[in-house]
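> sequence plus the predicted model coming up.
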Amino acid sequence: MSCILVRQILTGLSLLRDRVMTSATLLLHSRFTIDKVDPRIFGGFLEHMGRAVYEGVYEPESKHSDNEGIRTDVAASLDRLKMTAMRYPGGNFASGYHWLDGVGPKDQRRTVRELALQSIETNQFGTDDYIHLCRKLGWTPMLTVNLGTGTPEEARNWVEYCNCPSGTLYSNMRAGGGNPEPYDVKLWCLGNEMDGPWQLGHVPAKDYAIRAQQAAKLMKDADKSIELVACGSCSIGISTYMVWDLEVLDYLGDAADYISLHRYVDNRADDTLNYLGVTNSIDRQIEDMDAVCRFVQAKRKKDKRAYLCFDEWNVWYKNMEMDGAGKPAPHLIEEVYNLEDALVVAGFLNSFVRHADSVKIANIAQIVNVIAPILTRGDEHLLQSIFYPFEMMSKRREGVALQVSLESESYESKSNGHVTYADTSAILDGKRLHVFVTNRHLDETLRFTVNPADFSIQSVESAEVLTGPGPKASNSYEEPEVVKSIPFTGATVKGGMLNCELPPLSFLAVTVAIA
Ligand code: AHR
């Protein structure tokens with residue numbers, strides 16, 4: 001067979017493939033709202049783990065660093081993500097961390113053996129450095145106190161250091177370090193994953209609840225205005241799932257403003273369709289936890305309920321290196337992300353928007369090097385595939401989430417039930433509508449229509465699509481732009497409706513003007 005003939009057959013096959021389509025229609029009504037989207041669902045997580053802080057955001061030796069040691073190149077990329085609440089300093093790290101080690105003159109700070117990850121912690125980056133970084137990037141500070149090896153009083157003293165006007169022991173320490181004005185840290189987490197046996201100071205729910213209540217009282221006495229996140233279940237697979245949450249919320253009562261959820265998902269089975277359907281299970285996790293919060297509210301006969309703080313979430317399974325081997329800034333869990341991972345990240349965010357009435361805070365874990373959208377290598381840095389869905393949605397987060405009524409073709413997945421090929425969410429912002437849609441189909445184009453009931457779509461203001469050459473495609477220093485978002489020109493408006501044709505395995509974010 002001649003080369004020309006082979007090429008003709010292949011072209012014919014690909015045309016045929018392009019013509020095969022799946023379809024979905026999204027029905028919307030401007031009054032069928034869920035709730036205002038809390039901007040804090042676009043939060044991040046910066047842990048003293050691996051190279052997240054050192055060689056990540058902070059590296060005084062780098063040619064990119066500013067006078068405070070912050071990597072300006074990394075900061076510029078993080079700035080594109082417009083992150084909100086930034087959880088710090090852990091994670092597992094928090095359960096062995098003594099915040100006093102990280103304040104005061106840098107040359108007098110102690111280098112210590114880090115207990116959760118067996119690393120060396122130099123304490124060159126601490127509370128003041130973190131707050132300065134939050135200010136540079138417009139992040140809302142969110143601190144996790146040590147309820148593992150620490151005491152409720154130590155937690156309370158940190159609140160004084162951060163939030164009280166100078167004039168007393170700990171607030172004077174802050175002021176003495178050149179920071180006279182209080183930091184006004186509103187969000188505080190009462191420990192981390194205290195239900196997990198790996199956690200430093202792990203205890204049963206009853207004991208954690210007592211410890212957390214004592215800390216909450218002392219902390220709120222130092223600053224009444226703070227909001228507290230109680231430790232919820234660290235995974236859906238743990239034997240105390242939901243039972244822990246119920247007991248903790250019931251005991252803490254009004255002291256708990258939020259309960260935490262954590263979730264790391266994987267494609268160990270190498271089944272892309274099933275993996276992309278994990279969004280069903282994320283929806284379910286949120287709805288289960290919401291039910292517990294409502295149950296406790298009803299049982300206590302209170303107006304106040306706890307809301308959901310999804311303060312660790314991401315894809316994580318390819319790199320499980322957690323042993324710091326007695327080194328400072330070791331390479332730990334530096335996961336490389338591909339296209340299918342990016343679509344799952346979009347799925348998490350879609351789910352948070354669809355549950356805007358219960359999920360008020362969420363933090364992608366993490367932000368640099370450690371299971372992160374950004375990797376560094378010397379003075380270089382790389383944007384991973386998962387950077388893009390976060391950026392595409394974060395910049396379109398203003399407004400009220402709309403109920404999504406979706407008519408879509410679907411498939412039966414191995415462990416995530418019945419899954420629609422389209423995964424969607426929508427945010428209404430005055431005379432603008434933001435729509436997000438993933439095409440989960442492995443090889444068919446998605447013909448996608450937005451059909452509003454009581455308004456009409458006038459024009460497309462902006463649209464970007466994320467896709468790549470295949471589910472396992474990823475970016476590397478050699479080929480940094482294999483999976484990235486690009487402007488999308490395939491969206492058209494006709495008769496007040498939006499029509500798009502999305503390539504297989506892609507994610508679209510579109511903003512339209514409405515009337
Ligand atoms: O994000 C990495 C680790 O995962 C965190 O330290 C811990 O809280 C979780 O188990």
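Looks like it came in fine.
> buried residues of the helix or strand hosting residue 293, list them for me.
In this structure, residue 293 sits in helix 278-300 according to DSSP states H and E. Judged by neighbour count using 16 or more other Cβ atoms under 10 Å, the buried positions of helix 278-300 are 278-282, 285-286, 289-290, 292-293, 295-296. C-beta coordinates here come from the backbone N, C-alpha and C atoms, glycine included.
> and if you look at stretch 87-103?
For stretch 87-103, the neighbour count (16+ other Cβ under 10 Å) marks 87-97, 99-100, 102-103 as buried.
> same check, this time on stretch 452-459
For stretch 452-459, using 16+ other Cβ under 10 Å, the buried residues are 452, 457.
> stretch 106-114 too?
For stretch 106-114, the neighbour count (16+ other Cβ under 10 Å) marks 106, 109, 114 as buried.
> report the entries of the buried residues of stretch 87-103 that also contact the ligand.
With the criterion set as Cβ under 6 Å from any ligand atom, the members of the buried residues of stretch 87-103 near the ligand are 90-92.
> list just the nearest of those residues to residue 443.
Ranked by distance to residue 443 (Cβ to Cβ), those are led by residue 91 at 38.9 Å.
> could I get the contacting residues of the closest one?
Residue 91 makes contact with 45, 47-49, 116, 144, 192, 312, 365, according to Cβ atoms under 8 Å, 6 or more residues apart in numbering.
> swap in 7 Å and give it another go.
47, 49, 192 (Cβ atoms under 7 Å, 6 or more residues apart in numbering).
> who wins for most neighbours among those?
residue 192 (31 neighbours; other Cβ atoms under 10 Å).
> which phi and psi does it have?
phi -140, psi 130 (degrees, to the nearest 10).
> show me where pLDDT drops low in the chain?
Along the chain, segments meeting pLDDT under 70 span 1-19.
> and it, which residues reach the ligand?
47, 49, 90-92, 192-193, 312, 365-366.
> please repeat the previous calculation with a cut-off of 5 Å.
91-92, 193, 365 (Cβ under 5 Å from any ligand atom).
> which ones among those residues map onto strands?
residue 365 (DSSP state E).
> of the residues of the chain next to the ligand, closest to the ligand?
residue 91 (2.8 Å; Cβ to the nearest ligand atom).
> residue 144 versus the closest one, what's the distance?
7 Å (Cβ to Cβ, to the nearest Å).
> using CSV, list the CA coordinates for stretch 146-161.
Provided in CSV are the C-alpha atoms of stretch 146-161 (Å, rounded to 0.1, in the frame of the first residue of the first chain):
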residue,chain,number,x,y,z
ASN,A,146,-0.8,21.9,66.9
LEU,A,147,-3.2,19.7,68.8
GLY,A,148,-0.9,16.7,68.5
THR,A,149,2.2,17.5,70.6
GLY,A,150,1.1,21.0,71.5
THR,A,151,-1.2,22.3,74.1
PRO,A,152,-4.4,24.4,74.0
GLU,A,153,-2.5,27.2,75.7
GLU,A,154,0.2,27.2,73.0
ALA,A,155,-2.6,27.5,70.4
ARG,A,156,-4.1,30.4,72.4
ASN,A,157,-0.8,32.1,72.6
TRP,A,158,-0.4,32.0,68.8
VAL,A,159,-3.8,33.8,68.5
GLU,A,160,-2.5,36.5,70.9
TYR,A,161,0.7,36.8,68.8
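> distance from the chain centre to that stretch, please.
Computed by Cα atoms, centre = their mean, to the nearest Å, the chain-centroid distance of stretch 146-161 equals 25 Å.
> give me the residues contacting it.
94-99, 127, 143, 145, 168, 170-171, 173-174, 190-191, 194, 199-201, 211-212, 214-215, 218-219, 222-223, 226.
> just the buried ones from those?
Members of the contacts of stretch 146-161 classed as buried by 16+ other Cβ under 10 Å are 94-97, 99, 127, 143, 145, 170-171, 173-174, 190-191, 194, 199-201, 211-212, 214-215, 218-219, 222-223, 226.
> just the helices in the chain please.
With DSSP state H applied, the chain shows helices at 3-19, 72-80, 127-137, 152-163, 169-176, 205-222, 243-252, 272-276, 278-300, 339-354, 387-394, listed in chain order.
> which one of those helices is the most hemmed in?
Of all the helices of the chain, helix 339-354 has the most neighbours on average by mean count of other Cβ atoms under 10 Å, namely a mean of 26.
> name the helices or strands packed onto that one?
helix 272-276, helix 278-300, strand 307-315, helix 387-394, strand 422-429, strand 432-439 (3 or more Cβ pairs under 7 Å, 6 or more residues apart in numbering; DSSP states H and E).
> which residues does the fourth one contact?
Same thing as helix 387-394. Here helix 387-394 has contacts from 42, 80-82, 342, 345-346, 349, 364, 373-374, 436, 464, 466, 484-485, 507, 509, using Cβ under 7 Å, 6+ apart.
> try it again with 6 Å
42, 80-82, 342, 345-346, 349, 373, 464, 466, 484-485, 507, 509 (Cβ atoms under 6 Å, 6 or more residues apart in numbering).
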